[in-house]
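Q: My questions are about this predicted structure, shown below with the sequence.
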Amino acid sequence: MLDILSSTVAGVFGLLLGTLFFGGLWWTVQAGLSSKRPALWLLGSALLRTGIALAGFYAIGRDDWKRLLAALVGFTVARFIVLWRTREIGQLLSAPGKSHAS
């Protein structure tokens, strides 16, 4: 019972890590498009997001492959959720009648 609970908690934390990682990637690309120094945005964000994700996986895993696997599954699920949500946002922004010139 305790094993299932710890795996579930690890999966939720993996979901949060993935949302932070992939949501941060989306936000960075949006900010980089309007920046005078997009390479600095992309490099800084990649280092920060990767560092947070690695530290999170290290803290979650703690020598237990089941928790690490649950976190990885949560991280992967977050990728699909962020992809789905950002596509919806993109479709709203590109709806007819909306101007991109502003």
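A: In hand now; what should we look at? Residues are numbered from 1 along each chain as shown.

Q: How far does the one helix or strand Trp84 maps to sit from its chain's centre?
A: Assigned by DSSP states H and E, Trp84 belongs to helix 65-93. Relative to its parent chain, helix 65-93 has a centroid offset of 7 Å by Cα atoms, centre = their mean, to the nearest Å.

Q: Remind me what that helix packs against, helices and strands.
A: The contact analysis (3 or more Cβ pairs under 8 Å, 6 or more residues apart in numbering; DSSP states H and E) places helix 65-93 against helix 2-33, helix 38-61. C-beta coordinates here come from the backbone N, C-alpha and C atoms, glycine included.

Q: next one: the longest one to chain centre, how far?
A: In this case it means helix 2-33. For helix 2-33, the distance to the chain centre is 5 Å (Cα atoms, centre = their mean).

Q: Which other helices and strands does that helix contact?
A: Counting by 3+ Cβ pairs under 8 Å, 6+ apart, helix 2-33 packs on helix 38-61, helix 65-93.

Q: just the angle between it and helix 38-61, please?
A: Taking axes from the mean of the first three to the mean of the last three Cα atoms, to 10 degrees, one finds helix 2-33 and helix 38-61 inclined to each other by 180 degrees.

Q: give me the low-pLDDT residue ranges for this protein?
A: By pLDDT under 70, the weakly predicted segments of the chain are 95-102.

Q: swap the cut-off to 50 and go again
A: Applying pLDDT under 50 to the chain picks out residues 102.

Q: wait, Thr76 sits on Thr19?
A: No: using Cβ atoms under 8 Å, Thr76 is not in contact with Thr19, being 11.6 Å away.

Q: quick one, which of these two is more surrounded?
A: The neighbour comparison of Thr76 against Thr19 (other Cβ atoms under 10 Å) goes to Thr19, with 18 against 13.
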